[in-house]
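Participant: Sequence first, predicted model second:
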Amino acid sequence: MLIIGIAGGTGSGKTTVARSVIEQLGSDKVTFISQDNYYKDQSHLTMDERQLTNYDHPFAFDNELLIEHLTLLNSGQAAYAPVYDFTQHTRSASDTVHLKPNRIAIVEGLFVLYDEKLRNLLNIKVFVDTDSDVRLLRRVLRDIEERGRSIHSIHQQYLATVKPMHEAFIEPSKKYADLIIPEGGHNEVGIQLLTILTEKYLTGGENWLV
């Protein structure tokens, strides 16, 4: 199985890049995994305690479970990813996402290139690099429309954790990338290059880089 990791800051266009590649290859050939599903379970905490969590720090993620699931998929076994409820700041007690083994898996998330153990499972490492003002505007729209947040809470979180965590952890992980795609989903050339590499794997198997 070819495992592609796509990292980048909040609102950089990681998901758009992944979806564009999947659309060109065919959804039946690719298993998509979002690192956002792997925020740690916080059901044992009160709502007030959950809201104090720094969700923009690598420690907020259960990468051990993500690695376990990738290992299962790589061995031809299915896995069930948790579903994170951002309105309740914890995992859903009942919902999961069925991940089926496939020839290709795309893992997308803030810290996909930060964790060494996770990084070592990736065959292609991608960093989506987008201007900070564009990323901020996208995050504002997403958090209001999809996660029920207020402008005030988004502003506070961005200054307190999002920006400093990006500078401390996400931006430095760019050095591990095999391919950097500026401007995310608007970079058709970068997306096409990633698609071509992946298609070579589909047709060439183990000799895909030759």
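Facilitator: Okay, I see it.
Participant: Which parts of this structure are strands?
Facilitator: 2-8, 30-34, 79-85, 90-99, 104-108, 124-129, 179-182 (DSSP state E).
Participant: Return the helix or strand in the chain with minimum mean pLDDT.
Facilitator: helix 132-145 (a mean of 81; mean pLDDT, DSSP states H and E).
Participant: got the CA coordinates for it in CSV?
Facilitator: Taking Å, rounded to 0.1, in the frame of the first residue of the first chain, the C-alpha atoms of helix 132-145 are listed here in CSV:
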residue,chain,number,x,y,z
SER,A,132,-1.4,33.0,6.9
ASP,A,133,-4.0,35.6,6.1
VAL,A,134,-5.8,33.3,3.7
ARG,A,135,-5.6,30.4,6.2
LEU,A,136,-7.1,32.6,8.9
LEU,A,137,-10.0,33.7,6.8
ARG,A,138,-10.8,30.1,5.9
ARG,A,139,-10.6,29.0,9.5
VAL,A,140,-13.0,31.7,10.6
LEU,A,141,-15.6,30.6,8.0
ARG,A,142,-15.1,26.9,8.9
ASP,A,143,-15.4,27.3,12.6
ILE,A,144,-18.5,29.5,12.4
GLU,A,145,-20.3,27.4,9.8
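Participant: Any buried residues in that helix, and which?
Facilitator: The neighbour-count check on helix 132-145 (16 or more other Cβ atoms under 10 Å) flags Val134, Arg135, Leu136, Arg138, Arg139, Val140, Asp143 as buried. From N, CA and C alone the C-beta is placed, and that goes for glycine too.
Participant: ok, now stretch 164-173?
Facilitator: Neighbour-count burial for stretch 164-173 flags Met165, His166, Phe169, Ile170, Ser173 (criterion: 16+ other Cβ under 10 Å).
Participant: Among those, which lie within helices?
Facilitator: In this view, those that belong to helices under DSSP state H are Met165.
Participant: Thanks a lot, catch you later.
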